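[1] Build me a structure from this.
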Amino acid sequence: MTSDSAKDFWAGKRVLLTGHTGFKGAWAGRWLARRGAAVTGLALPPEPGPNLSTLLGEGHLAASHLVDLRDAAAVDAAVAQAQPDLVLHMAAQPLVRRSYAEPVATFATNVMGTLHLLDALHRLARPRAVLVITSDKVYENDGSGRAYEESDRLGGHDPYSASKAATEIAVASWRQSFCTEAGPRLMTARGGNVIGGGDWSEDRLIPDIIRALVADEVPLLRNPASTRPWQHVLECLDGYLTLLEAMTGDAPLPDALNFGPAEGAEPVAVGVLTNRLLSAMGRPSAFAQDSQTGPHEMALLGINSALAQKVLGWTPRLDAARTIGLTADWYAAWAEGQNMTALTDHQIALYEDIRP
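    Numbering: from 1, shown residues only. As a prediction, this is how the structure comes out:
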């Protein structure tokens, strides 16, 4: 969908965006507001330290509710106030290594938190479409490195991955039980590993590199040879928003869709991505391997987006070089003390001008 037609669709829509204080959520809230949507955010307070949500502020939001998804009554009250037309559910405990330290909280937030939201929405007649975001890690990973398709078996070795697979099952049950022809269309979307400016999450590659550069240290990598389906945050969000638009129509859609790099894109290892980012930021290409032993993490991940291209006409717009370049530009501007709201808006506009 072109930028103009997207604005026509979203203008005046009441959108409930969960996770708006997170990395992807902050980008999503800003982009939706630029398209004319009235965005209500529901999330935990921003994490301490640098945070994209704090940098952008909340002036572009119609409302912001700082709510824990595990608090069913608070979720119910926020949803009743929002009265949304569309729901983009991204709030989650999203970190693999934190899930080992906080497994019960991870399952409680990701599974029961999603059910609390769906239960609150069930009492409203208003939502037309509800999109629940899970992860490329919902698949039972056989270690082959192949790109998983929507029909592949769900699984999950670590608590985070398992909680997202369980969320998929819970959403499928809810859809079959409560989303009749008169109810909202309910789907899940599974995104690849997202990078881009404004991420300061713990134990994530790009934020770890940026923290090392700020401290004038050599980045430490846990698994330099591991591969991930890297994609820019705007690429992933473009898929989600395109799907939400389609969900308001009558055309048949699958229950879940993958959004990841272009078909045939060469997997990029952690070490290679690190050196490319450092080079793009004018820094020496150098890293060290972390000698500490951590919890289990899958070495190879891949995700196949062919179905999204077939049913939505969605296709990635950015190659690896452009993805890394936009990420490097954002953090370089931040380090220089530039206006990051203007820079974020600029990158959104740049992305919209790229034709698929």
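[2] For the stretch 151-300 of the chain, which segments count as strands?
    Along the stretch 151-300 of the chain, the segments classed as strands by DSSP state E, counting those that start in this stretch run 185-191, 193-195, 220-221, 227-228, 230-232, 256-259, 268-269, 288-289.
[3] From residue 246, how far out is the nearest residue in space to residue 311 that is not next to it in sequence?
    Distances taken as Cβ to Cβ, 6 or more residues apart in numbering put residue 253 closest to residue 311, at 6.1 Å, once the chain neighbours are dropped. Yep, even glycine has a C-beta here, placed from its N, CA and C like the rest. The gap separating residue 253 from residue 246 is 6 Å, by Cβ to Cβ, to the nearest Å.
[4] In terms of neighbours, single out the busier of these two.
    Ranked by neighbour count (other Cβ atoms under 10 Å), residue 253 and residue 246 place residue 246 first, with 20 against 17.
[5] Touching both of residue 253 and residue 246, which residues are there?
    Residues within reach of residue 253 and of residue 246 at once, by Cβ atoms under 8 Å, 6 or more residues apart in numbering, are residue 311.
[6] related to what we said a few turns ago, which one of the strands of the stretch 151-300 of the chain lies closest to residue 40?
    strand 185-191 (18.9 Å; Cβ to Cβ).
[7] Show me what the closest one pairs with in its sheet, parallel or antiparallel.
    Strand 185-191 pairs in its sheet with strand 129-133 (parallel), strand 256-259 (parallel), by DSSP bridges.
[8] State whether residue 244 and residue 131 are indeed in contact, as I suppose.
    Yes - using Cβ atoms under 8 Å, residue 244 is in contact with residue 131, at 5.2 Å.
[9] Between those two, which has more neighbouring residues?
    Using other Cβ under 10 Å, the more surrounded residue of residue 244 and residue 131 is residue 244, with 24 against 20.
[10] Just send the strands paired with strand 185-191 back as TSV, with mean pLDDT and distance to residue 184 too.
    Below are the strands paired with strand 185-191 laid out as TSV (pLDDT from 0 to 100; distance: least, Cβ to Cβ, whole Å):
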stretch	mean pLDDT	distance to residue 184
strand 129-133	97	5
strand 256-259	97	16
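[11] Redo the ones you listed as a markdown table? Include distance to residue 336.
    Listed next are those as a markdown table, based on distance: least, Cβ to Cβ, whole Å:
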| stretch | distance to residue 336 |
| --- | --- |
| strand 129-133 | 32 |
| strand 256-259 | 32 |
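[12] Quick check: pLDDT value at residue 2.
    At residue 2, the pLDDT value in this model is 56.
[13] Residue 336 - how many residues pack around it?
    Neighbourhood size, residue 336 [other Cβ under 10 Å]: 8.
[14] try residue 73
    If you count neighbours by other Cβ under 10 Å, residue 73 ends up with 10.
[15] for this protein, what spans make up the helices?
    3-10, 23-34, 52-56, 72-82, 96-101, 103-107, 113-122, 159-178, 205-214, 233-247, 270-280, 306-312, 320-335, 340-353 (DSSP state H).
[16] most packed of those?
    Mean neighbours per residue, mean count of other Cβ atoms under 10 Å, is largest over the helices of the chain for helix 23-34, with a mean of 24.
[17] Need the residues that contact that helix.
    Contacts with helix 23-34, where a contact means Cβ under 8 Å, 6+ apart, come from 10, 15, 17-20, 39, 41, 43, 51-53, 56, 60-61, 88, 90-91, 194, 196, 198-201, 233-234, 236-237, 240-241, 341, 344-345, 348.
[18] what about 7 Å?
    10, 15, 17, 19-20, 39, 41, 43, 52-53, 56, 60-61, 88, 90, 194, 198-199, 201, 233-234, 237, 344-345, 348 (Cβ atoms under 7 Å, 6 or more residues apart in numbering).
[19] How about stretch 310-319?
    231-232, 235, 239, 242-243, 246, 253-254, 261-262, 308-309, 351, 354, 356.
[20] residues of it that come out buried?
    Across stretch 310-319, burial judged by 16 or more other Cβ atoms under 10 Å covers 312, 314, 316-318.
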